[in-house]
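Visitor: No sequence on hand, only this structure:
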């Protein structure tokens with residue numbers, strides 16, 4: 001039995017390093033993606049390449065399969081990624097918003113609200129750059145990014161404010177709600193319907 005390995009790259013250099021390391025496939029993850037930045041050759045703040053800029057760079061350089069990630073939430077995103085050279089697409093926020101996910105009810109509701117239009121890259125919740133919905137905490141502390149405790153200690157500090165768990169009764173303005181930049185175009189609250197729609201539209 002052979003184990004297939006997959007690595008995640010946020011820059012072309014990282015994709016090249018992953019291929020040279022003998023990894024079987026690479027996830028090309030743009031800064032549009034929700035959650036944490038996975039950069040490993042440089043600081044996340046210096047590795048901010050958009051998904052649809054990163055994919056063709058990687059496709060023109062590496063020979064291993066490419067999985068596109070970040071800012072992909074529907075069939076249009078999948079088709080665009082594959083047109084640019086990806087072999088597959090990885091969808092996060094659109095599934096996070098479905099009732100089958102482990103996200104809290106308030107998190108899912110926010111992903112279908114006007115608030116989903118506004119995401120930000122912040123270190124406030126964990127000490128490592130991550131993308132989530134803007135709120136009072138991200139905005140009032142954005143000028144202090146360089147003073148936060150390193151990952152993961154910052155998360156323990158912010159946890160005292162009730163940022164975790166997301167389903168607790170503490171103030172939503174102090175919580176982390178991970179979301180990618182395509183959150184505002186979400187349509188489906190059921191994972192099965194989301195999958196069926198993508199498959200049907202891909203066949204057209």
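Guide: Right, received. Where do you want to start? As the structure is a prediction and not an experimental result, all values here were calculated from the model.

Visitor: from here on, contacts and neighbour counts on C-alpha atoms
Guide: Will do.

Visitor: tell me the mean pLDDT over the longest helix along the chain?
Guide: Ranked by number of residues, the top helix in the chain under DSSP state H is helix 191-203. Throughout helix 191-203, pLDDT has a mean value of 96.

Visitor: dump the residue contacts of the residue lying closest to residue 95 once chain neighbours are set aside.
Guide: Leaving aside its chain neighbours, residue 95 sits nearest to residue 191 (6.2 Å; criterion: CA to CA, 6 or more residues apart in numbering). By CA atoms under 8 Å, 6 or more residues apart in numbering, the contact list for residue 191 reads 95, 98-100.

Visitor: In terms of helix, strand or coil, where does the closest residue to residue 73 other than its chain neighbours fall?
Guide: Nearest-residue entry for residue 73: residue 94, 5.3 Å, with adjacent residues in sequence omitted and distances by CA to CA, 6+ apart. Assigned by DSSP: H, G, I helix; E, B strand; the rest coil, the conformation of residue 94 is helix.

Visitor: Just give the number of residues close to residue 5.
Guide: Using other CA atoms under 10 Å, the number of residues around residue 5 comes to 10.

Visitor: do residue 46 as well
Guide: For residue 46, using other CA under 10 Å, the count is 11.

Visitor: What lies in contact with the helix or strand bottoming out on mean pLDDT in the chain?
Guide: Taking mean pLDDT, DSSP states H and E as the measure, helix 153-159 is the helix or strand of the chain with the lowest mean score, a mean of 89. With contact meaning CA under 8 Å, 6+ apart, helix 153-159 is reached by 124-127, 148.

Visitor: how about a markdown table for those, with distance to residue 80, pLDDT and secondary structure added?
Guide: Shown next, in a markdown table, are the contacts of helix 153-159 (distance: CA to CA, whole Å; pLDDT from 0 to 100; DSSP: H, G, I helix; E, B strand; the rest coil):
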| residue | distance to residue 80 | pLDDT | secondary structure |
| --- | --- | --- | --- |
| 124 | 32 | 94 | coil |
| 125 | 32 | 92 | coil |
| 126 | 32 | 93 | coil |
| 127 | 33 | 94 | coil |
| 148 | 37 | 93 | coil |
